[in-house]
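1. I need the structure of the sequence given here:
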Amino acid sequence: MSPKTPLSVAIITKNEEANIARCLASVDFAAEEVIVDSDSTDRTVKIARDMGARVIEHEWLGFGPQKQLAVDHCAHPWVLILDADEVIPPETAAAIDAAVNTPEAEAYILPRANFLGKKEIRHGSWRGDAVLRLFRKDTFRVSPHQVHEEVCGEGRIARLKSPIHHFPRKSLADFLTKADKYAGPGAAQMFAAGRRGSIAAAVLHAFWVFFFNYFFRLGFLDGRWGVVIAFADMVGTFFKYAILWDLEKNNTVTPPPAPPRSA
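-> Numbering: from 1, shown residues only. Take a look at the predicted model:
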């Protein structure tokens, strides 16, 4: 048996029984898998523990804080952050092993191939998708943002050529529910940063997002899914700016962070 890569894999979950086994199986090369679960009501926790992952159950803090909590529980200096609906193919596992054992940087960006069913989406807002996910935890950390968090640090950053495979939705209905899940936390984050909105701005931003992603970023080349993705981006943008306007107009209480996506 080959020695495990001295690497911790950090994953946050809620009701991910449909995805978690596939995700964990793909990172069997890593020495440790750490999961922070927020009140799953399905078999996510049992499946993860049965597969040897260490599970910490914790209330939902928002995407950035929740992922950093998982990183804080990791035992190894090198950490790979994954979502439960992501998979590391064998060639990427080999590239990660080489990067950890003979590092040329303190963090690595990986390309991400996004699939809807068996179709890879190559254009629109998903075009050129790449994420910083592999890093030394003593040099990099996850930003505290409730949504749209990112890994930040001062060390050297390099790129790997092999991708993460991402399977974000099981069905069209499941995909479309994402349009409003991030709107509230996104608006609250903008409001806290001093941004202000209006209904006119919400409409203009929404139409621009559709036009830019569908035409300029060639979303139409992805066929019917290209239309769906561009429209979902448009709806989510409208909701976000409309909620931002409502926060300003009514001085409403900042909405709580959205829960992580349920399977």
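2. how close does the closest residue to Gly64 other than its chain neighbours sit to Gln68?
-> In space, Gly64 comes closest to Glu149 once its chain neighbours are excluded; the distance is 3.5 Å by Cβ to Cβ, 6 or more residues apart in numbering. C-betas here are computed from N, CA, C, even on glycine. Between Glu149 and Gln68 the computed distance is 8 Å (Cβ to Cβ, to the nearest Å).
3. tell me the confidence at Ala258?
-> The per-residue pLDDT reported for Ala258 equals 50.
4. repeat that for Val142.
-> On the pLDDT scale, Val142 gets 97.
5. picking up where we left off before, confirm that the residue nearest to Gly64 sits in a helix.
-> No: applying DSSP: H, G, I helix; E, B strand; the rest coil, one finds Glu149 to be coil, outside a helix.
6. neighbour-wise, which of Glu149 and Gln68 wins?
-> Using other Cβ atoms under 10 Å, the more surrounded residue of Glu149 and Gln68 is Gln68, with 22 against 18.
7. roughly how far does that one sit from His205?
-> Separation of Gln68 from His205 (Cβ to Cβ): 30 Å.
8. same check, this time on Trp126
-> For Trp126, the distance to His205 - Cβ to Cβ - is 19 Å.
9. which one of the two is surrounded by more residues?
-> Set side by side, Trp126 and His205 show more neighbours around Trp126, with 23 against 18, by other Cβ under 10 Å.
10. who are the contact partners of that one?
-> Shown in contact with Trp126 (Cβ atoms under 8 Å, 6 or more residues apart in numbering): 114, 229.
11. tell me the pLDDT at it?
-> 84.
12. ditto for Phe238
-> Listed pLDDT for Phe238 reads 91.
13. from what I can see it touches Ala201, true?
-> No: judged on Cβ atoms under 8 Å, Phe238 makes no contact with Ala201 at a distance of 9.9 Å.
14. in terms of neighbours, single out the busier of the two.
-> Neighbour tally, Phe238 and Ala201, criterion other Cβ under 10 Å: the higher count belongs to Phe238, 23 against 16.
15. what about the more buried one, distance to Val151?
-> Counting by Cβ to Cβ - Phe238 and Val151 are separated by 29 Å.
16. so, low pLDDT: which residues of the stretch 51-200 of the chain?
-> For the stretch 51-200 of the chain, applying pLDDT under 70 flags the ranges 170-180.
17. let me see the ranges of the strands in it.
-> Along the stretch 51-200 of the chain, the stretches classed as strands by DSSP state E, counting those that start in this stretch are 54-57, 78-83, 86-87, 107-116, 119-121, 130-136, 140-142, 151-153, 157-159, 164-166.
18. make a markdown table out of the ones you listed and add distance to Phe29 and mean neighbour count.
-> Shown next, in a markdown table, are those (distance: least, Cβ to Cβ, whole Å; neighbours: other Cβ atoms under 10 Å):
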| stretch | distance to Phe29 | mean neighbour count |
| --- | --- | --- |
| strand 54-57 | 17 | 15 |
| strand 78-83 | 10 | 25 |
| strand 86-87 | 13 | 22 |
| strand 107-116 | 15 | 19 |
| strand 119-121 | 24 | 16 |
| strand 130-136 | 13 | 20 |
| strand 140-142 | 21 | 20 |
| strand 151-153 | 21 | 17 |
| strand 157-159 | 20 | 13 |
| strand 164-166 | 14 | 21 |
